[in-house]
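1. Here's a sequence, model it:
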Amino acid sequence: MNALDIKLNEAFPGKVVRKDLLHEIKRAVNVPSFVLEFLLSRYCASEDPEEIEEGKKAVLQTIEKCYVRPDESNKAQAIVEQKKRHKFIDKIHVKYVEREKRYWAEMENFASKRIAINSNFYQQNEKLLESGIWAEVTLAYNEVEEDDYAFFIEDLRPIQIAHFDEQKFFRGRERFTTDEWIDVLIRSIGIDPNWLAERSRKLNGDKNGRRLKFHILSRFLPLVQSNYNSIELGGRSTGKSYFYSEFSPYSTLLSGGQASTATLLYNNQRKQVGAVGFWDNVAFDEVAKMKIKDADTVQIMKDYMANGRFSRGREVTGYASFSFVGNFDLNIPRIVNSYDHDLLVTLPEAFDLAVIDRIYNYIPGWEIPKIDDSAYNNNFGLITDYMSEALHYLFVHDSDYVGVVNSRLKKGDNIEGRDNRALQKTISGFIKLLFPTGQPTDEEFDEIVEYAIEGRRRVKEQLNKRKPDEEYARINMSYINKDGQKVVVYCPESKYSIATQNPRKDANVHVLTEPAHDNVVTTPVTANVEPKITQNHVLSDIIPGSETVEDGSLKEKTVDVQYGDTGYGYDDLFAEYLKGASIVMLEEPYLTHGFQMTNLVRFVELLVKIGDCKVFRLVTKHGETPEESTLISDSLQRLKNTLDDMDDVSMTFEYEFDENSHDRYIRTSNNWDITLGRGLHFYQNLNPNKDSRNFFQMGTYDLSLRPCLKTRFTFMKRNAKE
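-> Numbers count the residues shown, from 1 in each chain. I've put the predicted structure just below:
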């Protein structure tokens, strides 16, 4: 065990588990994590390898024997009838039936709603009368023919914690530093925090490695903050849906599909509150596929998302948060640079501006890498059930934390009504999660505020793109930091995109901003000033389009190249359009083969020869195998090193990998977009048989003499204001 493992076991004795054991068992059986951890704590509470192996076998045997699968309910009932009693693991509720003046138990997967239960069980475990609990239940068969039930509960042992001692939890938290506690939370959901930190530094230029950790912590906010509305769109296999389905029995995941007023909000016929009355958080999976059954649902959702209340024949109050999660496979730089599309383009049409405006935080899921085996935590973490009880306790205790936010938050410009509510909710949620009994330092508070403003700004920027007037135009939200300075917070993917920062095509003034540090900007500069470039920027940080061209002779055009044509070297095609461009961006997904990398070098040589380009930025993809990926990375790094070593060349080469990359195009800061039908690789292979004698022919080295494949190039001029 490392130092954090030892401290965890000392601070929370009996409430931690080795997460590597959970991952191993989870691969074999599809059972909720908190059920597996309950069994692991029983059978694998040892450091002896042999005992652990025997314990894992016992866990698997118990699941095979006791866990009820929904499609095997009839078989489970038959087992009880035949054996007269059997122990099951299932979720159990107890309901009072007014007409019969008695209580009945219901087991979900066992599929019986009329099970007799002794009052001692639900009096000792009040959660049975609320949302229900997971438990080990010994069911017996009732052989009295006159009775109107077939099964009764002989014994019941909760899997969930029957009583949560918040003071012990608070005392345990106080033993950890902020960084340690962040790592404890991330460990507890099965992710290695060091893996996250490493990728945060590599992918985001994040010196302290905390940005990706904050993205993961944001997923906790709907579980600690009532009536909190968030959205996360990003790549597949990043753990979005898994988080809300596995780590809290107080959260439910609704798969993409139908969402009706009756099931979600209120059933008028039954006079019964829907999901918002039973859960701390309702997560909507595959939100792009979400369908609204009736027109009233959206309007009622708006009312509920705004203030936690709605009218449906009577006034209904709920506390459940809404989390919208979905996949986003589109190219982020192209979206933020588009006047016609935005980062919510995949949402269903029913999500109008009013619904979107009620979202408090947009987590940039595209920044989170895929969760693979290397990402798993193999050390100790809090038992999922204990952690979920702590989160639920924080969820129902709001007032103490709102006061902290109101007393410390110093708002700057452009924070309007719903912005203010969003910031209060997000900041309060982070303080609950990270400092449940104390307060953050000034530096930590500023970090939380910046993150909260960024998440809300991401929402507001998309609203501003969609709305033709100025209703949402005040996107430059700011706060006063610990040093008394006003800080404007930007979203890193869009802070240099004029299409996002100023989406009005007919606007007279366009402003870019120069970054003061990683995530904020304080100094406005006019659009015709080249933005400052640092090594920490990723490709999407800087979006060209701010320079003017003195020579107006260049025209928009389409060049159709036929099979076998010659006269189309890179100089012939591109040189005139690249002159005067200080920034050139190239998206070329395919660099797997040697000739493709050679073509890239030829293009870079053209930029060096022209001499105007100060920054060349490339988006490409990894190879299909680890070997290919390594070869591409090494080749690009060698090219970068070569440029860095040339004293008479002042061009910086930066590159990033985007596995969703597909289109091939050049974008320049002198306002030209050039679409490349086949990318840079439109020349015929002069040496298909790899015979060295085939190199002795025209076109081997001068590409203007080499026959081409059929392709098309389109040269489009952007408006200088764009």
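
2. okay, CA-based contacts and neighbour counts for the rest of this
-> Fine.

3. And the strands in the stretch 601-722 of the chain?
-> Taking DSSP state E, counting those that start in this stretch, the strands of the stretch 601-722 of the chain run over residues 615-620, 652-657, 665-668, 672-676, 711-717.

4. Now mean neighbour count too, for those strands, in TSV please.
-> Listed next are those as TSV, based on neighbours: other Cα atoms under 10 Å:
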stretch	mean neighbour count
strand 615-620	20
strand 652-657	18
strand 665-668	23
strand 672-676	21
strand 711-717	18
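
5. Same list, those strands, but as JSON lines with mean pLDDT and distance to Glu24 please.
-> Shown next, in JSON lines, are these (pLDDT from 0 to 100; distance: least, Cα to Cα, whole Å):
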{"stretch": "strand 615-620", "mean pLDDT": "93", "distance to Glu24": "35"}
{"stretch": "strand 652-657", "mean pLDDT": "90", "distance to Glu24": "31"}
{"stretch": "strand 665-668", "mean pLDDT": "93", "distance to Glu24": "44"}
{"stretch": "strand 672-676", "mean pLDDT": "92", "distance to Glu24": "47"}
{"stretch": "strand 711-717", "mean pLDDT": "91", "distance to Glu24": "51"}
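
6. who's in contact with the host helix or strand of Glu447?
-> In this structure, Glu447 sits in helix 442-466 according to DSSP states H and E. Residues outside helix 442-466 that contact it (Cα atoms under 8 Å, 6 or more residues apart in numbering) are 339-344, 353, 356-357, 359-363, 409, 419, 422-423, 426-427, 430, 470-473, 475-479, 481-482, 489-491, 500-501, 503, 519-520.

7. Give me the pLDDT for the residue of the chain most remote from its centre.
-> Relative to the centre of the chain, the most outlying C-alpha is that of Glu146, 56.3 Å out, by Cα atoms, centre = their mean. Glu146 carries a pLDDT value of 89.

8. and if you look at Asn508?
-> In this prediction Asn508 is given a pLDDT of 38.

9. same question, Val511
-> At Val511, the pLDDT value in this model is 35.

10. Gly235 now?
-> pLDDT for Gly235: 90.

11. hang on, it packs against Ile371?
-> No: under the criterion of Cα atoms under 8 Å, Gly235 is not in contact with Ile371, lying 10.4 Å apart.

12. Quick one: buried ones out of the contacts of helix 442-466?
-> Neighbour-count burial within the contacts of helix 442-466 applies to 339, 341-344, 356-357, 359-363, 409, 419, 422-423, 426-427, 430, 472-473, 475-479, 481, 489-491, 500-501, 503, 519-520; the criterion is 16 or more other Cα atoms under 10 Å.

13. Among the residues you listed, which lie within helices?
-> Of those, the ones assigned to helices by DSSP state H are Ile356, Asp419, Ala422, Leu423, Thr426, Ile427, Phe430, Thr500, Gln501.

14. Got the confidence number for the third one?
-> Looking back up the chat, that one is Ala422. On pLDDT, Ala422 comes in at 95.

15. Tell me the first helix or strand C-terminal of the worst-scoring helix or strand of the chain on mean pLDDT.
-> The least trusted helix or strand in the chain, going by mean pLDDT, DSSP states H and E, turns out to be strand 520-526, with a mean of 32. Going down the chain from strand 520-526, the next helix or strand is strand 557-561, by DSSP H and E.

16. ok and that following strand relative to strand 711-717, angle-wise?
-> Interaxial angle of strand 557-561 relative to strand 711-717 (axes from the mean of the first three to the mean of the last three Cα atoms, to 10 degrees): 170 degrees.

17. And for strand 557-561, what's in contact with it?
-> Here strand 557-561 makes contact (Cα under 8 Å, 6+ apart) with Cys708, Leu709, Lys710, Thr711, Arg712, Phe713, Thr714, Phe715, Met716.

18. go with 6 Å
-> Strand 557-561 is contacted from outside by Lys710, Thr711, Arg712, Phe713, Thr714, Phe715, using Cα atoms under 6 Å, 6 or more residues apart in numbering.

19. Once you drop chain neighbours, what's closest to the fifth one?
-> Once flanking residues are discounted, Thr714 sits nearest to Thr558: 4.4 Å by Cα to Cα, 6 or more residues apart in numbering.

20. As CSV, the ones in helices among the buried ones among the contacts of helix 442-466 with distance to Cys44 would be great.
-> Formatted as CSV, these follow (distance: Cα to Cα, whole Å):
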residue, distance to Cys44
Ile356, 47
Asp419, 48
Ala422, 43
Leu423, 43
Thr426, 38
Ile427, 39
Phe430, 33
Thr500, 53
Gln501, 55
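
21. Tell me, how many residues neighbour Tyr401?
-> Neighbour count of Tyr401, defined by other Cα atoms under 10 Å: 23.

22. Ile674 versus the residue nearest to Thr714, what's the distance?
-> According to Cα to Cα, to the nearest Å, Thr558 stands 10 Å off from Ile674.

23. what is in contact with these two at once?
-> With Cα under 6 Å, 6+ apart as the test, Thr558 and Ile674 both reach Thr714.

24. can you pull the buried residues of the biggest strand by length in the chain?
-> Longest strand of the chain, by residue count under DSSP state E: strand 85-97. The neighbour-count criterion (16+ other Cα under 10 Å) identifies Arg85, His86, Lys87, Phe88, Ile89, Asp90, Lys91, Ile92, His93, Val94, Lys95 as the buried residues of strand 85-97.

25. just the helices in the stretch 151-300 of the chain please.
-> 166-173, 178-188, 193-204, 211-218, 221-224, 240-246, 261-264, 295-307 (DSSP state H, counting those that start in this stretch).

26. Lowest average pLDDT across those?
-> Mean pLDDT values for the helices of the stretch 151-300 of the chain show the minimum at helix 261-264, a mean of 75.

27. Dump the C-alpha coordinates for that helix into CSV.
-> The C-alpha trace of helix 261-264 is given here as CSV (Å, rounded to 0.1, in the frame of the first residue of the first chain):
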residue,chain,number,x,y,z
THR,A,261,-44.6,13.9,-18.3
ALA,A,262,-46.1,11.0,-16.4
THR,A,263,-42.9,9.0,-16.0
LEU,A,264,-40.6,11.9,-15.5
